[in-house]
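Colleague: pasting the sequence and the predicted model now:
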Amino acid sequence: MTEKTPLDILMKHQIVLFDGAMGTEIQKLNPKPEDFPDGKEGFNDGLSFTRPDWIKQIHRSYLQAGADCVETNTFGSNKLKLEEYGYGDQTLEFNKKIAQLAVDVTREFADKPRYVIGSMGPTGFLPSSNDPSLGQIKLDEIRQAFEIQAEGLILGGVDALLIETSQDILEVKLAIEACHNAFKKTGKKIPIIANVTLDKYGKMLLGTNIQAAYTTVSEMGIDAFGLNCSTGPTEMISSVQWLNEQNALPLLVVPNAGMPENQGGRAVYKMEPKEMANVMADFLNQYPNVRIIGGCCGTNVDHISFLRKVIDDKSTRK
């Protein structure tokens, strides 16, 4: 098999398509308590061990829909999150094995290179806040929680690390530092993509705007900066426009399938694949620094198929 072009180089030559949601796809399978490790309901990352067939099929379906990359099922697998389920002391091996599971699925596809992205979601703490329970944590603890996770993902063979759905810019900084530390420990350097999550007013949870968030981390040795989750693509327009004007880092845009609507206590996402694809096509046409697109909560195989068509249409028109 020919050697893959590193993802940071690939982004310069083509638009890269990420996969869609993992969590909402798992929900569709109606997992029962007995499906989770030790019956710990909601422990989605643990399904990689108890129901690997489910996770493999979700990865496989996105690759069949045309995704260039799949994200590992490790969104909640930093050490602090895993401690909540009693697996904190297994963080490195846990991430390594889940990464290998995704890598195995990509090897089923020989049509073009496929990539595995190491997903690193938030710890659940907000180190910038004064909240007595969420803010009172040593920064080294957060950095270490991410460092062990990043190390496991790298050893498992991921092609890039994705710091995603971030709500506190200080935590993003710590996660980036952790990734660089993991590179030193493993002797391997791969691209870092740092994402933040904004509300419909363009602010992170603690009030940081996109300008401050980008300025804070853009010089920390990251390879791309992006927005994911929280809103649909329409609410991201002004932020994407500003980021594109900086004309520096490649940009990632991975929205939800519209703004979540509460129905009977559940978040429902109603943006149809074609509608979402049309907005994303506008992004690609207007903002040349957008180099990665994909889908977050509520998106499925159909959304990714439509986004594949958007990318292919754009490349044919060149």
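Modeller: Ah, there it is. Numbering: from 1, shown residues only.

Colleague: let's verify the nearest residue to residue 147 once chain neighbours are set aside: helix, strand, or coil?
Modeller: Nearest residue to residue 147 in three dimensions, chain neighbours excluded: residue 178, at 3.9 Å (Cβ to Cβ, 6 or more residues apart in numbering). C-beta coordinates here come from the backbone N, C-alpha and C atoms, glycine included. Residue 178 carries the three-state label helix when classified by DSSP: H, G, I helix; E, B strand; the rest coil.

Colleague: can you give me the neighbour number for residue 178?
Modeller: 25 (other Cβ atoms under 10 Å).

Colleague: so it touches residue 146, yeah?
Modeller: Yes: Residue 178 lies in contact with residue 146 (Cβ atoms under 8 Å); the separation is 3.6 Å.

Colleague: quick one: the helices in the stretch 151-300 of the chain, in order.
Modeller: 169-186, 210-217, 237-246, 273-286 (DSSP state H, counting those that start in this stretch).

Colleague: format these as TSV; extra columns: mean pLDDT and distance to residue 73.
Modeller: Formatted as TSV, the helices of the stretch 151-300 of the chain follow (pLDDT from 0 to 100; distance: least, Cβ to Cβ, whole Å):
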stretch	mean pLDDT	distance to residue 73
helix 169-186	98	18
helix 210-217	97	25
helix 237-246	97	27
helix 273-286	97	23
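
Colleague: nearest to residue 69, out of the ones you listed?
Modeller: Evaluated with Cβ to Cβ, these place helix 273-286 nearest to residue 69, the distance being 15.8 Å.

Colleague: what ranges in the stretch 201-318 of the chain fall below the confidence cut-off?
Modeller: 318 (pLDDT under 70).

Colleague: all strands of it, in order?
Modeller: Applying DSSP state E, counting those that start in this stretch to the stretch 201-318 of the chain gives strands spanning 224-228, 251-254, 261-263, 266-268, 290-293.

Colleague: over to the stretch 51-200 of the chain?
Modeller: Counting by DSSP E, counting those that start in this stretch, the strands of the stretch 51-200 of the chain are 69-71, 115-120, 160-166, 192-196.

Colleague: so what are the sheet partners of the longest one and their directions?
Modeller: Strands flanking strand 160-166 in the sheet, each with its direction: strand 115-120 (parallel), strand 192-196 (parallel) (DSSP bridges).

Colleague: now mean pLDDT too, for the ones you listed, in JSON lines please.
Modeller: Putting the strands paired with strand 160-166 into JSON lines (pLDDT from 0 to 100) gives the following:
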{"stretch": "strand 115-120", "mean pLDDT": "98"}
{"stretch": "strand 192-196", "mean pLDDT": "97"}
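
Colleague: that older thread, contacting residues for the residue nearest to residue 147?
Modeller: By Cβ atoms under 8 Å, 6 or more residues apart in numbering, the contact set of residue 178 is 143, 144, 145, 146, 147, 149, 150.

Colleague: ok, and the most crowded of those residues?
Modeller: residue 149 (33 neighbours).

Colleague: please name the residues that touch that residue.
Modeller: By Cβ under 8 Å, 6+ apart, the contact set of residue 149 is 74, 77, 78, 79, 91, 92, 95, 120, 178.

Colleague: just to revisit the earlier point, want to throw the strands paired with strand 160-166 into CSV with mean neighbour count and distance to residue 47?
Modeller: Shown next, in CSV, are the strands paired with strand 160-166 (neighbours: other Cβ atoms under 10 Å; distance: least, Cβ to Cβ, whole Å):
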stretch, mean neighbour count, distance to residue 47
strand 115-120, 28, 14
strand 192-196, 27, 23
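
Colleague: distance to residue 167 added to these, as CSV?
Modeller: Formatted as CSV, these follow (distance: least, Cβ to Cβ, whole Å):
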stretch, distance to residue 167
strand 115-120, 13
strand 192-196, 8
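
Colleague: coming back round to it: would TSV of the strands of the stretch 201-318 of the chain with distance to residue 87 be doable?
Modeller: Listed next are those as TSV, based on distance: least, Cβ to Cβ, whole Å:
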stretch	distance to residue 87
strand 224-228	25
strand 251-254	27
strand 261-263	31
strand 266-268	26
strand 290-293	30
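
Colleague: ok, which of those strands comes nearest residue 166?
Modeller: Closest among these, using Cβ to Cβ: strand 224-228, at 8.9 Å.
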